[in-house]
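Undergrad: need coordinates for the below:
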Amino acid sequence: MSKKQLHFNSKVIHGGQSPDKAYGSVMPPIYQTSTYAQTSPGEHKGYEYSRSANPTRTALENSLASIENGNYGLAFASGLSAMDAVIKLLEPGDEVISTNDLYGGSYRLFKRVFEKFGIIFHFVGMQDVRNIEEKINHNTKLIWVETPTNPMMNVIDLEVVNTLAKKNKILFAVDNTFATPYLQKPLDFGADIVMHSATKYLGGHSDVVAGALVVKDKELAEQLYFIQNASGAVCGPFDSFLILRGIKTLHVRMQRHCENAEKIAFFLEQHSKVEKVFWPGLKSHPNHKVASNQMNKFGGMISFIPKGSNFKDAVKIVESLQLFTLAESLGGVESLAGHPASMTHASIPKEEREKSGVVDSLIRLSVGIEDVDDLIADLEQAIG
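TA: Predicted coordinates:
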C-alpha cells in the first residue's frame, strides 16, 4: 500500500516518513548542525546550510504535507512567521480579505506590519459570502480564512469561499490551527495554502513554538520556499523533532480533546449562570450545519460568556480556576483558560474586538485531555 493511500491515523505516524538511511533510526535524528561538508564546491549530499534545508526539518515538512493531503510542506519558526511568508507573496497596492474574528497576533501582523507597506486589508464576517463579494476588486489577491475562528468559533464554509476565490482568480489560504487536519483538510476543499501555528495541536505538549504551510501547487511551493530561505524564519532541528513527535499522537489526542469539549460544552450550555456558549458541535451554534459538513468532529476549543458578567467578573472566574491553567496559547494536553480581551486579542482595538463579538466578558477554553469530570468540577467551582 502506498503511504499516500493510508488512513489519517496511519499517516500521522508513517506519512512521508521512512527509517533514517544512515543507521535505520525509526525517528529522524536531530541534525543539530548549521552546515554540511562538500566534496567539491557545490557538490554535496542534498544539504549545504541549515537555513536552506535540514534533514530533521525535511522529515517534518514531509509529514506536514502528508497529513494535510498536500504535496509540499514548509516548517517555520512560528505560526506568525508562516503567515509572514504568505503575505510576502503580495505587492504594494494588493488587497487582502480576511476573517474579521481572528487571532489578535494575525490582526497585528496585517495591520501594524504589512499595512504600512501598502497592502490593504479588509476584515469581514465570512459566514455570509456576500460580505466577501462586496470587497472583491481587481486588486484583491488573497482571501485569508480562519475556521473555526479565534475566539468566537465561527465556522466558514470552505467550499463556498473556494468557489468565489477560483471564479475571481484569488489566492485562497486557510488557518487550520483550531481544527487540525484531523478534523478538516482545507486543501481538499480547494484552498491553495494551509497554515498552522504548529505550537498548538500539532506539537500538542506546550513545549515548542513553530509554524507550518502546506500547498499542492509546485510553482507556489517554490515561491514560498524562496521566501522561507531568503527571510530565514525557519524551524530549527530540535523544534522540528518535537513537532514531528507531537504529530505522531495527534489523532489520539484530538479524539480526547473533542470528547471532553463536547461534555463541557453541554455542561456550560445548561448552566444557569452561563449566558452563551460558542462551540460548533452545539445545535444552537449558527454554523453547526456547515461544521457538520466540513469537519469530522468539532474540536477542543470553547468560548463562553457568563450571565450578567463584565470584565472584572470574567477575570475573577479565570483566576479562580484550579485545574485549568490561566495562560496564553492552546492545543496542549493540559487544559488552559484565557480572557481574550486582555490576553490573546488585546492588540485589537476594543471597538473592533466587540464588532466581532469579542466582548470583555468572553472566556476562552482550550480543553485538554484530563478526566472530564475533574474539568467540569473545576468550572463549576469557578463559575459559582
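Undergrad: buried ones in stretch 215-233, by neighbour count?
TA: For stretch 215-233, burial by neighbour count (16 or more other C-beta atoms under 10 Å) applies to 215-216, 220-221, 223-225, 227-228, 233. From N, CA and C alone the C-beta is placed, and that goes for glycine too.
Undergrad: repeat for stretch 266-275
TA: 267-269, 271, 274.
Undergrad: over to stretch 194-205?
TA: 194-204.
Undergrad: of these, which is the nearest to Gly384?
TA: Set against Gly384, the nearest of the buried residues of stretch 194-205 by C-beta to C-beta is Lys200 (29.9 Å).
Undergrad: would you put the C-alpha positions of the helix or strand hosting Val290 in CSV?
TA: Taking DSSP states H and E as the criterion, Val290 maps to helix 288-294. Taking C-alpha atoms only, helix 288-294 is exported to CSV below (Å, rounded to 0.1, in the frame of the first residue of the first chain):
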residue,chain,number,x,y,z
HIS,A,288,-23.5,24.0,13.1
LYS,A,289,-24.7,22.6,9.8
VAL,A,290,-21.6,23.9,8.0
ALA,A,291,-19.3,22.5,10.7
SER,A,292,-21.1,19.1,10.4
ASN,A,293,-20.5,19.0,6.7
GLN,A,294,-16.8,20.0,6.6
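Undergrad: just how off-centre is it within its chain?
TA: Offset of helix 288-294 from its chain centre (C-alpha atoms, centre = their mean, to the nearest Å): 18 Å.
Undergrad: touching that helix from outside, list them.
TA: Residues from elsewhere that reach helix 288-294, judged by C-beta atoms under 8 Å, 6 or more residues apart in numbering: 148, 155-159, 184, 189, 280-282, 285, 298.
Undergrad: in the stretch 101-250 of the chain, which spans are strands?
TA: 120-124, 140-146, 171-175, 193-197, 211-215 (DSSP state E, counting those that start in this stretch).
Undergrad: for the fourth one, which strands pair with it and how are they oriented?
TA: In the sheet, strand 193-197 lines up against strand 171-175 (parallel), strand 211-215 (antiparallel) (DSSP bridges).
Undergrad: skipping adjacent residues, who's closest to Gly236 in space?
TA: Nearest non-adjacent residue to Gly236, counting by C-beta to C-beta, 6 or more residues apart in numbering: Ala77, 7.4 Å away.
Undergrad: so which bits of the host helix or strand of Ile302 are buried?
TA: Per DSSP H and E: Ile302 is located in strand 301-306. For strand 301-306, the neighbour count (16+ other C-beta under 10 Å) marks 301-306 as buried.
Undergrad: and if you look at stretch 280-287?
TA: Residues of stretch 280-287 classed as buried by neighbour count (16+ other C-beta under 10 Å): 280-282, 285, 287.
Undergrad: what distance separates the start and the end of that stretch?
TA: Start and end residues of stretch 280-287 are separated by 7 Å (C-alpha to C-alpha, to the nearest Å).
Undergrad: again, but for stretch 350-361
TA: Stretch 350-361: ends 12 Å apart by C-alpha to C-alpha.
Undergrad: check stretch 78-93 too.
TA: 26 Å.
Undergrad: repeat that for stretch 199-216.
TA: Taking C-alpha to C-alpha, stretch 199-216 runs 23 Å from one end to the other.
Undergrad: coming back round to it: now the strands paired with strand 193-197 in a markdown table, with distance to Ser50?
TA: As requested, the strands paired with strand 193-197 are exported to a markdown table (distance: least, C-beta to C-beta, whole Å):
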| stretch | distance to Ser50 |
| --- | --- |
| strand 171-175 | 27 |
| strand 211-215 | 17 |
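Undergrad: and the helices in the stretch 1-150 of the chain?
TA: Here the stretch 1-150 of the chain has its helices, by DSSP state H, counting those that start in this stretch, at 8-14, 55-67, 79-87, 104-108, 129-133.
Undergrad: give me the most central residue, this protein.
TA: Thr177 (1.5 Å; C-alpha atoms, centre = their mean).
Undergrad: okay if I get the strands paired with strand 193-197 as TSV plus distance to Thr163 and mean pLDDT?
TA: Listed next are these as TSV, based on distance: least, C-beta to C-beta, whole Å; pLDDT from 0 to 100:
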stretch	distance to Thr163	mean pLDDT
strand 171-175	10	98
strand 211-215	19	98
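Undergrad: let me know which of those strands is tucked in deepest.
TA: Looking across the strands paired with strand 193-197 with neighbours counted as mean count of other C-beta atoms under 10 Å, the highest average goes to strand 211-215: a mean of 28.
Undergrad: so what touches that one?
TA: Contacts of strand 211-215 (C-beta under 8 Å, 6+ apart): 64-65, 68, 70-83, 85-86, 187, 192-199, 202, 221, 224, 235, 243.
Undergrad: alpha carbons of that strand, as PDB, please.
TA: Written as PDB, here are the backbone C-alpha positions of strand 211-215 (Å, rounded to 0.1, in the frame of the first residue of the first chain):
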ATOM      1  CA  GLY A 211       4.600  27.200  12.200                       C
ATOM      2  CA  ALA A 212       3.700  25.400   9.000                       C
ATOM      3  CA  LEU A 213       2.500  25.900   5.500                       C
ATOM      4  CA  VAL A 214       1.200  23.200   3.100                       C
ATOM      5  CA  VAL A 215       0.400  23.500  -0.600                       C
END
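Undergrad: right, I'll leave it there.
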